[in-house]
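>>> Next one to model:
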Amino acid sequence: MGCRDRAAKNDLLRIVAVEGVCVPDQRGTLPGRGAYLHPTRVCLDLAVRRRALSRAFRGPGALDTTALRRFVEQGEQAPP
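This next block holds a predicted model:
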């Protein structure tokens with residue numbers, strides 16, 4: 001979504017909008033419309049800058065990405 005690169009579904013992070021907040025859905029079981037992006041800070045920043053999240057979830061305005069950003073940053077810092 002952010003960088004527009006194609007990847008396998010299991011390499012991407014599913015995101016769901018819950019009451020105006022973007023929430024990561026690791027297991028893919030949360031209800032609602034989902035959007036996928038690479039779990040990297042660069043891809044998330046591009047998606048936010050392009051307003052791709054609000055378009056994907058068909059929302060009226062900007063969504064809160066604080067929890068999503070925290071999740072992505074923790075994943076990048078985890079040792080391999």
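>>> use CA for all of it now, contacts and neighbours both
Will do.
>>> can you give me the helices in the chain?
41-49, 52-56, 66-77 (DSSP state H).
>>> can you put these in TSV and add mean pLDDT, distance to D11 and mean neighbour count?
Shown next, in TSV, are these (pLDDT from 0 to 100; distance: least, Cα to Cα, whole Å; neighbours: other Cα atoms under 10 Å):
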stretch	mean pLDDT	distance to D11	mean neighbour count
helix 41-49	94	13	16
helix 52-56	91	18	18
helix 66-77	90	13	14
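>>> Reformat these as JSON lines; add distance to V23.
Formatted as JSON lines, the helices of the chain follow (distance: least, Cα to Cα, whole Å):
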{"stretch": "helix 41-49", "distance to V23": "13"}
{"stretch": "helix 52-56", "distance to V23": "11"}
{"stretch": "helix 66-77", "distance to V23": "6"}
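>>> nearest to Q26, of those?
When those are ranked by distance to Q26, counting by Cα to Cα, first place goes to helix 66-77 at 10.4 Å.
>>> For V21, which residues are in contact?
Residues near V21 by Cα atoms under 8 Å, 6 or more residues apart in numbering: L63, D64, T65, A67.
>>> Let me know whether the third one touches C22 as I believe.
Which is T65. Yes. T65 is in contact with C22 according to Cα atoms under 8 Å; the separation is 5.3 Å.
>>> who's more crowded, the two?
Neighbours around T65 and C22, counted as other Cα atoms under 10 Å, are more numerous at C22. The numbers are 22 against 18.
>>> any idea how far the more buried one is from P39?
13 Å (Cα to Cα, to the nearest Å).
>>> swap in E19?
Taking Cα to Cα, one finds E19 at 22 Å from P39.
>>> now swap in Q74 and tell me
10 Å.
>>> which residues touch the residue nearest the centre of the chain?
Nearest to the mean C-alpha position of the chain, by Cα atoms, centre = their mean, lies I15 at 4.5 Å. I15 makes contacts with C22, V23, P24, D25, G34, A35, Y36, L37, as judged by Cα under 8 Å, 6+ apart.
>>> Bridge partners for it, pull those for me.
With DSSP bridges applied, I15 shows beta-bridge pairing to P24, A35.
>>> State the distance from it to P39.
10 Å.
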